[in-house]
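> Kindly return the folded structure for what I paste below:
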Amino acid sequence: MVGSSHEALHRIFQKDPALLTRAMQGVLNVPFPEPREFVALNVDLTEIEPIERRVDTLMGVETDEGRYLLVVESQGQPDPRKRGSWPYYLSYLYEKYRCDPVLVVITQDSGTARWAAEPIRFGFPGWESMKVRPLVLSPDNVPLIVDEREAKRDVPLAVLSAMTHGKGPGAAVILESLAVALRTVDSESAAAFAAFVDSCLGDARAKEIWRDLMAPTQYFFRHPLAEQVREEGREEGREEGREEGRIEDRAEMTLRILEWRGIAVPDLVRDRVKTCSDLDQLEVWAQRAVHATKAEDLFADGTI
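Predicted structure coming up:
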């Protein structure tokens, strides 16, 4: 089970290594060569001396232009020690593997992203003995994927989008489309992706919305994360055959999405949603709630 957003932010690249090069090419506009093969490498950079040094994720990638090492670091906040450890990682890895390392930092925080993107320079004015330029993936450059069709075209990128935006106001708007997109991948991958997203959602209501979306899905219930959902008492009415409970859950979720997005919900709208007994209709309203600008947008004619 994924225990933290720190783990999820870099482990998604272990689940889908090709996502890392797609992110560099499509998000960062870095002309990284097209990979032929990925190899997971030992992340332990500890020397004989009792000083433990570990990177978060380390991948070897073969391309037509040569072999590279992709070093992924998940960063929650600025850490001055990294200005020394990151250059060490890169020089050590080059010495060990004799191929060029590339440092990629992923964060959910814009301030941390700006800090991480600053070049690390060693030397004196006019002469740099070493310069390290991290590539940074953050809410500032990873697209907010809210369109269902776009999410289906590249599910791992949509997951990365939800993860990097997980602590911001855009988190909720991505969840409905992503939940639909996860149905298009195998259950094992979907369960892992669902856990990654769950770990990265910083807003309690967004996390609850995500768990509501995942609760009716079988692969989610087979995943250890489902145990936590059940322990918190949210499994009632969601088991197979409990149609009434599912209707109530979907109505509540629709209203929570609107409230989380700061949209006022008039009593007439609330009553119409809560008294609806058509699960398919509630599914439509829940999807509309993700993009609505006012509560009345749930309904096709815009009237109550």
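
> could you give the mean pLDDT of the host helix or strand of Val173?
Element membership of Val173, judged by DSSP states H and E, is helix 171-182. On average, the pLDDT along helix 171-182 is 86.

> Can you name every helix or strand that whichever helix or strand comes after that helix contacts?
Using DSSP H and E, the helix or strand that follows helix 171-182 in sequence is helix 187-200. Contacts defined by 3 or more Cβ pairs under 8 Å, 6 or more residues apart in numbering; DSSP states H and E place helix 187-200 against helix 5-15, helix 155-164, helix 171-182, helix 204-214, helix 218-222, helix 225-231. Bear in mind the C-beta positions are built from the backbone N, C-alpha and C, glycine included.

> coming back round to it: extract the C-alpha trace of the helix holding Val173 and format it as PDB.
Provided in PDB are the C-alpha atoms of helix 171-182 (Å, rounded to 0.1, in the frame of the first residue of the first chain):
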ATOM      1  CA  ALA A 171      -7.900  18.500  -7.400                       C
ATOM      2  CA  ALA A 172     -11.600  17.800  -7.400                       C
ATOM      3  CA  VAL A 173     -12.300  18.800 -11.000                       C
ATOM      4  CA  ILE A 174     -10.000  16.000 -12.300                       C
ATOM      5  CA  LEU A 175     -11.400  13.100 -10.300                       C
ATOM      6  CA  GLU A 176     -14.600  12.300 -12.100                       C
ATOM      7  CA  SER A 177     -12.900  12.100 -15.500                       C
ATOM      8  CA  LEU A 178     -10.000  10.100 -14.100                       C
ATOM      9  CA  ALA A 179     -12.300   7.600 -12.400                       C
ATOM     10  CA  VAL A 180     -13.900   6.900 -15.800                       C
ATOM     11  CA  ALA A 181     -10.500   6.600 -17.500                       C
ATOM     12  CA  LEU A 182      -9.300   4.100 -14.900                       C
END
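
> Can you report phi and psi for Lys131?
The phi and psi values for Lys131, taken as degrees, to the nearest 10, are phi -140, psi 130.

> Phi first, then psi, for Val61.
Dihedral angles (degrees, to the nearest 10) for Val61: phi -130, psi 130.

> Tell me where the stretch 101-250 of the chain is predicted with low confidence.
The stretch 101-250 of the chain contains residues with pLDDT under 70 at 216-246.

> Who are the contact partners of Phe193?
12, 15, 155-156, 159, 182, 185 (Cβ atoms under 8 Å, 6 or more residues apart in numbering).

> 6 Å - rerun?
Val159 (Cβ atoms under 6 Å, 6 or more residues apart in numbering).

> going forward, begin numbering at 55 instead of 1
With the count now opening at 55, the last piece we talked about shows up as Phe247.

> what's the spacing between it and His219?
Distance of Phe247 to His219, computed by Cβ to Cβ, to the nearest Å: 15 Å.

> Then Thr161?
Thr161 is 11 Å from His219, by Cβ to Cβ.

> and if you look at Gly316?
Where His219 is concerned, Gly316 sits at a distance of 16 Å (Cβ to Cβ).

> quick one: terminal-to-terminal distance for stretch 346-354?
11 Å (Cα to Cα, to the nearest Å).

> Now that stretch: buried residues?
346, 349-353 (16 or more other Cβ atoms under 10 Å).

> what does stretch 168-178 give?
Applying 16+ other Cβ under 10 Å to stretch 168-178 flags 169-171, 174 as buried.

> what's the answer for stretch 176-186, then?
Those buried within stretch 176-186 under the rule 16+ other Cβ under 10 Å are Val186.

> Can you point out the buried residues in stretch 87-94?
89, 92.

> how far away is the residue located most distally from the centre of the chain from Arg304?
Relative to the mean C-alpha coordinate of the chain, counting by Cα atoms, centre = their mean, the farthest residue is Gly180 (40.6 Å). Gly180 sits 65 Å away from Arg304, taking Cβ to Cβ as the criterion.

> How about Pro179?
63 Å.

> what's the neighbour count on Glu149?
8 (other Cβ atoms under 10 Å).

> pLDDT score for His345?
On the pLDDT scale, His345 gets 77.

> how close does it sit to Lys136?
His345 is 38 Å from Lys136, by Cβ to Cβ.

> So which of those two has more stuff around it?
Each of His345 and Lys136 has its neighbours counted (other Cβ under 10 Å); Lys136 has more, 18 against 14.

> Give me the distance between the more buried one and Leu322.
53 Å.

> Identify the single longest helix in the chain, thanks.
For the chain, the longest helix by residue count, based on DSSP state H, is helix 297-314.
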